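S.K.: This is a predicted model, with the sequence first.
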Amino acid sequence: MVKRVRAAAAALVLLSPVPAAAAVRADSVDILVRGGTVYDGSGGPALHADIGIRGDRIVFVGDAATAALKAGKTIDATGLIVSPGFIDPHTHSFEGLPNLSEERRKNVGALMQGVTTVVTGADGRGPFDVAGVLGEAERLGIGTNTYALTGFGTVRVKVMGNSSAAATPAEIDSMRALITKGMGEGAFGVGAGLFYAPQSYATTEEVIAVLKGATPYGGVYDSHHRDESSYTIGLLNSVREAMRIGRETGLTTNIGHVKALGVDVWGYADSVLALMRAERAAGHMVVADQYPWTASGTSLVASLVPRWAESGGRDSLRLRIADSVTREKLLPEMRENLRRRGGDSTLLLTGGPPAAKPYIGRTLKQVAAEKGTGAVETALDLIGTVGDMGVASFNMTERDIETFMKDPYVMTSSDGSAGHPRLYGTFPRKIRRYVLDKPVITMERMVRASSGQVAEVYGIPDRGALKEGYFADVIVFDPKTIRDVATYVEPEKLSVGMRWVFVNGRVAVADGVPTGVLAGKGIRRAVGPR
Ligand SMILES: [Zn+2]
């Protein structure tokens with residue numbers, strides 16, 4: 001394994017037993033994971049240690065033989081890596097709860113990546129009825145844990161519909177009260193997606209005024225920020241806006257799925273990280289999360305259509321597309337948006353309503369050639385006739401991805417959504433591609449960025465580390481075989497190499513096979529207002 005785990009080689013040299021004098025320990029456990037190479041989530045070097053689980057907790061970390069520990073079941077982890085279950089801070093897994101099928105609620109695609117906890121409420125779509133959603137999740141059963149962010153987008157739609165108008169003081173008061181309600185019910189922060197209509201219609205000042213509803217609680221301002229490219233205010237100004245919103249509301253800023261999107265901003269990763277460093281030096285915490293793919297997952301409308309055309313919602317958009325004068329105004333702006341993203345061969349159609357089926361798996365360029373119409377004309381026709389379609393948009397460079405990944409304040413996330421392999425492959429891909437095959441980061445950094453660091457940033461209690469007393473979210477994977485299998489054409493292929501996954505002490509993956517158990521919990525923020 002030392003040979004295969006090249007990036008972790010330095011750490012393996014330092015392998016040492018855990019000090020014998022640890023905290024209170026059990027003398028018997030239900031499950032003992034014996035003989036593995038342990039990355040405990042702290043970012044420190046690997047240890048040789050045995051991990052004991054009793055009930056839903058880790059009750060032993062150390063040398064089981066020396067401690068004469070009795071175990072109900074022993075798992076031989078020789079040659080395998082043992083780490084805390086991964087925590088995914090940007091997902092769409094449980095959006096739509098309680099109206100999700102049991103299959104969806106099992107979240108097997110995440111479990112097979114070693115993910116044991118996912119956020120609900122990225123991009124500003126989080127609930128304000130946090131207690132209700134978490135309660136329903138637990139009543140129906142979920143395969144991974146989840147914690148919630150309340151959502152700026154949700155509250156704006158609730159109070160103002162899809163209006164592009166500025167919020168009135170009364171509307172701001174109503175939105176702020178809903179944010180406060182969500183925080184009071186256990187949200188770990190507030191999400192926003194200012195790139196998306198109708199959230200995009202809110203000024204910085206409006207967002208700050210509304211998010212002050214979270215200020216008494218603290219937590220994270222999680223941001224799909226306004227412009228990851230050169231659409232409106234530009235990437236760097238957009239990062240500045242996200243940091244200002246966090247700073248002025250007393251929340252940690254998280255730049256969700258950080259990237260440099262499109263030809264105009266390629267190479268900007270260093271500049272983004274420099275802005276974040278300066279912000280931290282000035283006393284405000286800002287972090288980011290990232291998925292390891294060169295394509296983002298979005299939709300035809302979101303990627304190509306200017307936001308003004310969406311004012312009033314989808315029906316209004318359809319009327320505008322049908323109106324020849326408005327259509328003539330849309331086309332040049334859409335051409336510019338397509339150029340920004342890299343052209344018609346970089347948009348792969350991945351999903352949509354049933355009528356979208358003949359187009360799935362083909363690029364916009366291919367469909368346009370077949371129809372004999374221009375690229376943006378084809379996109380508009382598809383939106384008008386078929387409806388909005390999901391796209392994989394190849395708009396990032398490996399160089400920027402690696403630059404972001406190496407930064408100690410950039411965590412792992414999937415942004416998992418239907419039609420993109422990141423939903424099924426993110427964590428194994430990062431391990432395979434950026435730790436094992438190419439030593440961009442070390443295994444200890446990979447594990448920390450995907451577990452302990454996320455728990456600390458969000459304040460998730462008793463998870464994200466292999467420590468006695470912590471919840472038994474524990475994973476065991478094989479560094480020889482772990483890899484992602486999902487592709488852009490077949491995005492729902494389960495990853496391989498994850499051997500054992502425990503969620504709250506229950507076996508969710510047994511020797512590589514998902515058990516279907518619904519062992520997840522809704523995690524609530526315990527503390528009230530500061
Ligand atoms: Zn997003």
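M.R.: Perfect, I can see it now.

S.K.: which residues touch residue 159?
M.R.: 167, 171, 174, 175, 178 (CB atoms under 8 Å, 6 or more residues apart in numbering). C-betas here are computed from N, CA, C, even on glycine.

S.K.: quick one: secondary structure of it?
M.R.: Assigned with DSSP: H, G, I helix; E, B strand; the rest coil, residue 159 falls in the helix class.

S.K.: re the thing from before, pick the one among the contacts of residue 159 closest to residue 106.
M.R.: Nearest to residue 106 out of the contacts of residue 159 is residue 178 (CB to CB; 30.6 Å).

S.K.: The closest one: neighbour count?
M.R.: Residue 178: 22 surrounding residues under other CB atoms under 10 Å.

S.K.: just residue 141 next, same as before
M.R.: Neighbours of residue 141 using other CB under 10 Å come to 13.

S.K.: number of nearby residues for the nearest residue to residue 218 once chain neighbours are set aside?
M.R.: In space, and not counting its chain neighbours, residue 218 is closest to residue 530: 5.7 Å by CB to CB, 6 or more residues apart in numbering. By the criterion of other CB under 10 Å, residue 530 has 9 neighbours.

S.K.: Show me which residues of this structure sit near the ion.
M.R.: Applying CB under 5 Å from the ion, we find that the chain lies next to the ion at 123, 224.

S.K.: gap between the closest residue to the ion within the chain and residue 235?
M.R.: Residue nearest to the ion within the chain (CB to the ion): residue 224, separated by 3.4 Å. Using CB to CB, to the nearest Å, one obtains 13 Å as the distance from residue 224 to residue 235.

S.K.: Which one's more surrounded, those two?
M.R.: Legend: neighbour count by other CB under 10 Å for residue 224 and residue 235, higher for residue 235 (26 against 23).

S.K.: ok, now which ones touch that one?
M.R.: Residue 235 touches 227, 228, 229, 260, 261, 265, 268, 272, counting by CB under 8 Å, 6+ apart.

S.K.: and residue 380, what pLDDT?
M.R.: Note on residue 380: pLDDT of 94.

S.K.: Can you tell me the number of residues neighbouring it?
M.R.: Neighbourhood size, residue 380 [other CB under 10 Å]: 22.

S.K.: Just give the nearest non-adjacent residue to it, would you?
M.R.: In space, and not counting its chain neighbours, residue 380 is closest to residue 321: 5.6 Å by CB to CB, 6+ apart.

S.K.: Specify the local secondary structure of that neighbour.
M.R.: Per three-state DSSP, residue 321 ends up helix.

S.K.: Low-confidence stretches in this structure?
M.R.: For the chain, applying pLDDT under 70 flags the ranges 1-25, 527-528.

S.K.: cutoff 50 now
M.R.: Along the chain, segments meeting pLDDT under 50 span 1-23.

S.K.: can you name the farthest residue from the center of it?
M.R.: residue 68 (40.9 Å; CA atoms, centre = their mean).

S.K.: can you tell me the helix or strand for that one?
M.R.: Element membership of residue 68, judged by DSSP states H and E, is empty: it is in no helix or strand.

S.K.: ok, residue 65 - how many residues close by?
M.R.: So residue 65, with other CB under 10 Å, has 10 neighbours.

S.K.: so residue 523 makes contact with residue 145?
M.R.: Yes. Using CB atoms under 8 Å, residue 523 makes contact with residue 145 at a distance of 5.6 Å.

S.K.: Which neighbours do these two have in common?
M.R.: Shared contacts of residue 523 and residue 145, counting by CB under 8 Å, 6+ apart, come down to 117, 463.

S.K.: between these two, which one's more packed in?
M.R.: More neighbours surround residue 145 than the other of residue 523 and residue 145, with 25 against 22 (other CB under 10 Å).

S.K.: Ramachandran angles for that one?
M.R.: For residue 145, the backbone dihedrals are phi -70, psi 160 (criterion: degrees, to the nearest 10).

S.K.: same check, this time on the one 5 residues further on
M.R.: Per-residue torsions, residue 150: phi -80, psi 160 (degrees, to the nearest 10).

S.K.: Any idea how far the lengthiest helix in the chain is from the middle of the chain?
M.R.: Among the segments of the chain that qualify as a helix by DSSP state H, the longest is helix 324-341. Here the centre of mass of C-alpha atoms in helix 324-341, compared against the chain's by CA atoms, centre = their mean, to the nearest Å, lies 31 Å away.

S.K.: List the residues that contact residue 450.
M.R.: 86, 87, 88, 411, 412, 427, 430.

S.K.: need these in a markdown table with secondary structure, distance to residue 506 and neighbour count, can you?
M.R.: As requested, those are exported to a markdown table (DSSP: H, G, I helix; E, B strand; the rest coil; distance: CB to CB, whole Å; neighbours: other CB atoms under 10 Å):
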| residue | secondary structure | distance to residue 506 | neighbour count |
| --- | --- | --- | --- |
| 86 | strand | 17 | 31 |
| 87 | strand | 17 | 30 |
| 88 | strand | 19 | 31 |
| 411 | strand | 26 | 26 |
| 412 | strand | 24 | 30 |
| 427 | helix | 20 | 29 |
| 430 | helix | 26 | 26 |
